[in-house]
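> below is the sequence, then the predicted model.
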Amino acid sequence: MGYFLIPSIVNYAFACELSLKYILQSKKIGYKREHKLNNLYLLLPEEVKSLIYLSINEISNITEKEFNDKLDGIANAFCDWRYFAFDNKNIKIDNSFFIKFCEIVCQLSYKKITDIMK
């Protein structure tokens, strides 16, 4: 990733945010203006949250508490990294968990879209 680390994180986070919002809309669940991934995740129906957790657990073998802690750690990735150059704070991200979470959420929304279009 190197040179493209920051744009990659920002774009992954934005894609994940939009995918979560699409899943919420498809389930007719309202949400307020929100960028935080953990807050959007909490609005999902239990069966969707379970599917996301189990998919990550299958790869990473983490407890629900570890999952929630890691999710809290990436929750504000879009804003933190988008404005990285303007803030004088140190930020970090669990890149492995972040990418897995984003990919699983995006795959779920893509599956929803392709199911609708059939």
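Good, I have the coordinates.
> what about the lowest-mean-pLDDT helix or strand in the chain, distance to the chain center?
Ranking every helix and strand in the chain by mean pLDDT, DSSP states H and E puts helix 95-117 at the bottom, with a mean of 85. Between the mean C-alpha location of helix 95-117 and the chain-wide mean there is a distance of 9 Å, by CA atoms, centre = their mean, to the nearest Å.
> what does stretch 79-89 give?
19 Å.
> end-to-end on it?
From its first residue to its last, stretch 79-89 covers 13 Å (CA to CA, to the nearest Å).
> helices or strands up against the least confident helix or strand of the chain?
Helix 95-117 sits against helix 5-26, helix 46-60, helix 64-74, with contacts defined as 3 or more CB pairs under 8 Å, 6 or more residues apart in numbering; DSSP states H and E. Quick note: C-beta positions are derived from backbone N, CA and C, even for glycine.
> export those as TSV, with columns for mean pLDDT.
Formatted as TSV, those follow (pLDDT from 0 to 100):
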stretch	mean pLDDT
helix 5-26	94
helix 46-60	95
helix 64-74	97
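> out of those helices, nearest to Y110?
helix 5-26 (7.9 Å; CB to CB).
> now the closest one, how far from the chain's geometric center?
With CA atoms, centre = their mean, you get 6 Å for helix 5-26.
> buried stuff in it?
9-10, 12-13, 15-17, 19-24 (16 or more other CB atoms under 10 Å).
> just stretch 30-40 next, same as before
Across stretch 30-40, burial judged by 16+ other CB under 10 Å covers H35, K36, L37, L40.
> wait, doesn't the first one sit right on D80?
This points to H35. No: in this structure, H35 is not within contact of D80 by CB atoms under 8 Å, at 9.8 Å.
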